[in-house]
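**Student:** Requesting a structural model of the entry that follows:
(chains A and B)
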Amino acid sequence: MNVFYYYDEDATDRHEAGSAVAAWAAARGHGLAAERATAMKPCLGCFGCWLKTPGRCVVKGDGGEAFVESFVGADLVILCGATPYGCFALPIKGALDRVIPSLLPYFRRFRGEMHHVPRYPRAPRILSLAIGEASGDEEATHLELVRSFCDNASSPRQKRGFRFGGDGSALASWLDEEVAS
Amino acid sequence: MKVLLVNGSPRRAEANSRIVLDALRSRLGEAHEYRMVETMTATGAEAEDLDADLIVLAFPLYIDSLHSRLLSWLLSYESLRRNAPASAVRRTRMIAVANNGFHEGVQNRTALEIVAHFCSRSGIEWRGGVGIGTGEMLRNMKEAPDDMVIKRPVSRALDAIASRVMDETAPADNLYVQHAFPWLIYKAMGHAGWRKQARAHGVGRREMLAKPITTAQTHGIP
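**Tutor:** Modelled structure (predicted):
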């Protein structure tokens, strides 16, 4: 399995979480690519990736296209970072705004709601590995957000929220639980 | 009353969110002092943004939440407000309207929760929001009468959120609505619209389904 670990900033706890993910992946024979989110140009909302250059963002010259390639090519995407207001960390959110080329503009009913049709036949599993402080309400919102994102990406839904507090074995258990679900 | 209108759409003047802001402004009336912020071009919140009795936010659903430029503006606003001298911080209320291109208005739920959490952290009074589905119809319905059957659910929700702004007793919950338009017809019209727009760019039906990324192209993943 190819694991893509994408984290929001260079900080000790992100690297500790990354090391725990690396140990988990190595112990199970998974390939791992780790990358820190960098500031990207914002999505323009132009729909050019659906209508002008299907599957490719029209914004060039930053890491947007490389992010989509890593996202689409992975079996498991782990988004590691803060969760301000229950949302994704800003650099991660900027990158996620740019994954729209991985979808088609067309609609379908999926899990009871209207969603876009995926462009590719296989969707990665997506997990949010939260770090830092959050209120109980923000925690609940974030899990709902990740699950909704999974629905839109036609991915398996994240089973439960996990907030890394430095315990690598708890992180490994959570990953095993999610991957097995 | 000083009202700060915040457009959280990257499409700025062309956005459905601008239509929503105009509709709310017409309901609140012209007796107020209005100012507009475009989060796509703003480098961050500014001191004068704190000088508002009411913030009216309209935005499109983006990956089930807020566009990154809007999130960035909210984060800077919270920081600015927290660090401002007490004399510069006034009582501020906030309402928000999210819209999405899917059919169901309820798909905006998590996005509105995120805005409510922003209010909680920033010391702003959250007065509730509206989540609108069938958002692409806002433009088509712009000139239609508010009581037209198709438009009425959206019009009534905007009436409700505008009227509760100054009503301390009104609930601050969220309303989820969509135009009274059948799911299947909305889907079919959406598909036809996408194909027509792609054709205008010289892109045919088959080309729209292109899969330019192969696994071999992924970088750094063995």
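**Student:** tally of neighbours for the residue nearest to B:G193 when sequence neighbours are not counted?
**Tutor:** In this structure, B:G193 finds its nearest non-sequential neighbour in B:E136, 7.7 Å apart by Cβ to Cβ, 6 or more residues apart in numbering or on different chains. Using the backbone N, CA and C atoms, a C-beta is placed for each residue, glycine as well. When neighbours are defined as other Cβ atoms under 10 Å in any protein chain shown, B:E136 has 17 of them.
**Student:** wait, what's in contact with B:E136?
**Tutor:** With contact set as Cβ atoms under 8 Å, 6 or more residues apart in numbering or on different chains, B:E136 has these partners: B:N16, B:G101, B:G190, B:G193.
**Student:** Repeat that for B:M40.
**Tutor:** For B:M40, the contact set (Cβ under 8 Å, 6+ apart) comprises A:P42, B:N7, B:S9, B:P10, B:R12, B:H67, B:R69.
**Student:** Identify the farthest-apart pair in those.
**Tutor:** For the contacts of B:M40, the maximum inter-member distance is 14.0 Å, found between A:P42 and B:N7 (Cβ to Cβ).
**Student:** ok so, going back, would you list the buried entries among the contacts of B:E136?
**Tutor:** Neighbour counting with 16 or more other Cβ atoms under 10 Å in any protein chain shown marks B:N16, B:G101, B:G190 as buried within these.
**Student:** So which of these sit within helices?
**Tutor:** B:N16, B:G190 (DSSP state H).
**Student:** Columns pLDDT, secondary structure and distance to B:E125 on top of the contacts of B:M40, output as a markdown table?
**Tutor:** Formatted as a markdown table, the contacts of B:M40 follow (pLDDT from 0 to 100; DSSP: H, G, I helix; E, B strand; the rest coil; distance: Cβ to Cβ, whole Å):
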| residue | pLDDT | secondary structure | distance to B:E125 |
| --- | --- | --- | --- |
| A:P42 | 96 | coil | 29 |
| B:N7 | 98 | strand | 21 |
| B:S9 | 97 | coil | 24 |
| B:P10 | 95 | coil | 28 |
| B:R12 | 92 | helix | 28 |
| B:H67 | 98 | coil | 24 |
| B:R69 | 97 | helix | 24 |
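**Student:** So how do I select the buried members of these in ChimeraX?
**Tutor:** Only the buried entries of those go into this ChimeraX selection, using 16+ other Cβ under 10 Å:
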select /A:42 /B:7,9,10,67,69
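**Student:** which one of the contacts of B:M40 is nearest B:S163?
**Tutor:** Nearest to B:S163 among these is B:N7, at 21.9 Å by Cβ to Cβ.
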